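# Make a model of this:
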Amino acid sequence: ATITLVYLTARRAFPARPWVALGAAAIAAFNPQFIFAHALVSNDPLLIALTSGLLFVCVALVAPRQHERRERPHDAGWWVGISLGLLLGLMLITKQSALLFAPLPCIAIAVSRGMSRRHKLVSLLLTPAVALLISGWWFIRNARLYGDPLGLAVFREAFATGAFDPATWTSWRAGLWNLLRSSWGMFGWLTLPLPDGAYRAFATMLALALIGLVASISRGWWAEQGRLAIVLGSAIALAGAWTVAFAFTAGAVAWQGRFLFPAITAFAIALALGLGAALPAHSALTTLAGLLFVLAI
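You can find the predicted model right below:
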């Protein structure tokens, strides 16, 4: 479901560049860590799939199809609010880290195309209302059972390992290095790494993609795509902010790539677009997908 949603979201975002959708889907599908995370009995795969659905709806709001731009149905605000609220509510009872995406529907509604102010207001009110209707009981239960809605004290006792000192560069370097490794191939409970050379190759790929993203702006690939950039950028920023905030709460155990995977759609689209701009699009993405496929095997 997630890989399909990655493809459909990228296709909706860049309909004139179908290779972005294929590249983004391949980057997600053949990421060894992503495969490993989905081989586990865990709540992570469900959260990732639901969040991918949420991001698809958000992208559809800011990048509608051509025929949808002319006229919106009169009940658009209701359907948007119910859809986003339903997905967000299901995410919240799947895993508490879904809280990181709570602002995303509001951002997408605020910058959406073709919706009147009244429809936007209806959507902004309905989204949290439906989400709380589905998941609110869970936070009330936590407050009564553990003394706080998130049960953080109990979590710290069970899982917090290793202190994280935000005042030292050593802590940040170790945390970010662990985040990079566990985003691509750090198996077991962060106990079975790949050779360091593999991680340096991934770091090089990320740097190249970043250069390509800057180049894509100068080439005009993002022309009239400011709203899309806001939604995708917000998803990446929220995932990163949650990971850092979680490190302050739980310590070194928080620097895990699986906490970024709910935003896999945005990350994969950015990587595909950046690599396609930095290198010949088709050959670069085909080569990358092939290497990831071999590495995954």
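# Which neighbouring elements make contact with the lowest-mean-pLDDT helix or strand in the chain?
Within the chain, no helix or strand scores below helix 152-159, which has a mean of 74 by mean pLDDT, DSSP states H and E. Where contact means 3 or more Cβ pairs under 8 Å, 6 or more residues apart in numbering; DSSP states H and E, helix 152-159 is packed against helix 226-250. From N, CA and C alone the C-beta is placed, and that goes for glycine too.
# could you check the angle helix 226-250 makes with the helix or strand following the helix it packs on?
Counting by DSSP states H and E, the next helix or strand C-terminal to helix 226-250 is helix 264-278. Going by axes from the mean of the first three to the mean of the last three Cα atoms, to 10 degrees, helix 264-278 is angled at 120 degrees with respect to helix 226-250.
# Run through this protein and note the low-pLDDT ranges.
64-75, 159-163, 281 (pLDDT under 70).
# residue ranges of the strands in it, please?
With strands called from DSSP state E, the chain shows them at 186-187, 192-193.
# one step back: other residues contacting the least confident helix or strand of the chain?
Helix 152-159 is touched from outside by 146-147, 249-250, 253, with contacts defined as Cβ atoms under 8 Å, 6 or more residues apart in numbering.
# how far does it sit from the chain's center?
With Cα atoms, centre = their mean, to the nearest Å as the basis, helix 152-159 stands 25 Å off its chain's centre.
# which residues touch the closest residue to Ala241 other than its chain neighbours?
Leaving aside its sequence neighbours, Ala241 sits nearest to Leu100 (Cβ to Cβ, 6 or more residues apart in numbering; 7.0 Å). Counting by Cβ under 8 Å, 6+ apart, Leu100 touches 238-239, 241-242, 262.
# With Gly188 as the reference, measure out to Gln96.
For Gln96, the distance to Gly188 equals 24 Å [Cβ to Cβ, to the nearest Å].
# So between the two, which is more surrounded?
Applying other Cβ atoms under 10 Å to Gln96 and Gly188 shows that Gln96 carries more neighbours, namely 20 against 8.
# Report the separation between that one and Gly185.
Distance of Gln96 to Gly185, computed by Cβ to Cβ: 26 Å.
# Same check on Tyr199?
Separation of Tyr199 from Gly185 (Cβ to Cβ) stands at 8 Å.
# Show me whatever sits in contact with both of the two.
Any residue near both Tyr199 and Gly185 by Cβ under 8 Å, 6+ apart counts here, and that gives Pro193.
# List the contacts of the closest residue in space to Leu124 that isn't next to it in sequence.
Spatial nearest neighbour of Leu124, excluding adjacent residues (Cβ to Cβ, 6+ apart): Ile109 at 5.6 Å. The contact partners of Ile109, by Cβ under 8 Å, 6+ apart, come to 61, 80, 84, 115, 120, 123-124, 127.
# Name the single longest helix found in this protein.
helix 117-146 (DSSP state H).
# Can you give the distance of it from its chain's centre?
The answer for helix 117-146 is 21 Å, by Cα atoms, centre = their mean.
# same thing with stretch 92-110?
Between the centre of stretch 92-110 and the centre of its chain there are 11 Å (Cα atoms, centre = their mean).
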